[in-house]
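Participant: show me how the following folds:
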Amino acid sequence: MSKPIGYFTGYTINDGSLVESLQEEYGSTFELMTQHEKLFLISAISAQLCDQAPGKCRDEIYVVGHQINSSLPKHDRIGLIEALINQIRYGRSLTETEVLHK
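Facilitator: Residues are numbered from 1 along each chain as shown. Sure, this is the predicted structure:
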């Protein structure tokens, strides 16, 4: 069962925020959006966050992205999205300096 969007964000009831507006329009678990629309939002948000993140991607990561998209079934790709989000939110990531010294 999906948790409401407020579980994952800083939303509090009646705070007048965009999250509150989105929940009112699309449901507390975005159940009134199609899967395509949800994937689009994941793509749009992650592209913007990537643009703001310091550093660059190593060339090999572009290859890994292509391998994932061309070789893994849909359920595994969705699982990787979930795992990566969890790592971004709660895990430790290498800095660009640490990558260069590996």
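
Participant: what does the helix or strand of the chain with the lowest mean pLDDT contact?
Facilitator: In the chain, no helix or strand scores lower on mean pLDDT, DSSP states H and E than helix 96-100, which sits at a mean of 71. Contact with helix 96-100 is made by Pro54, Gly55, Lys56, Arg58, as judged by Cβ atoms under 8 Å, 6 or more residues apart in numbering. Using the backbone N, CA and C atoms, a C-beta is placed for each residue, glycine as well.

Participant: let's see it at 7 Å
Facilitator: Helix 96-100 is contacted by residues Pro54, Gly55, Arg58 when judged by Cβ atoms under 7 Å, 6 or more residues apart in numbering.

Participant: out of everything not next to it in sequence, what's closest to the second one?
Facilitator: When the adjacent residues along the chain are set aside, Gly55 lies closest to Glu96, with 3.8 Å between them (Cβ to Cβ, 6 or more residues apart in numbering).

Participant: before we move on, what about the first one?
Facilitator: Closest residue in space to Pro54, ignoring its immediate chain neighbours: Glu96 at 6.7 Å, by Cβ to Cβ, 6+ apart.

Participant: what is the burial count for the one you found?
Facilitator: Glu96 has 12 neighbouring residues, counting by other Cβ atoms under 10 Å.

Participant: closest one of the contacts of helix 96-100 to Thr29?
Facilitator: Pro54 (32.8 Å; Cβ to Cβ).

Participant: report the separation between the closest one and Tyr90.
Facilitator: Look at Pro54 and Tyr90: by Cβ to Cβ, to the nearest Å, they are 19 Å apart.

Participant: with Thr9 instead?
Facilitator: Distance from Thr9 to Tyr90, counting by Cβ to Cβ: 15 Å.
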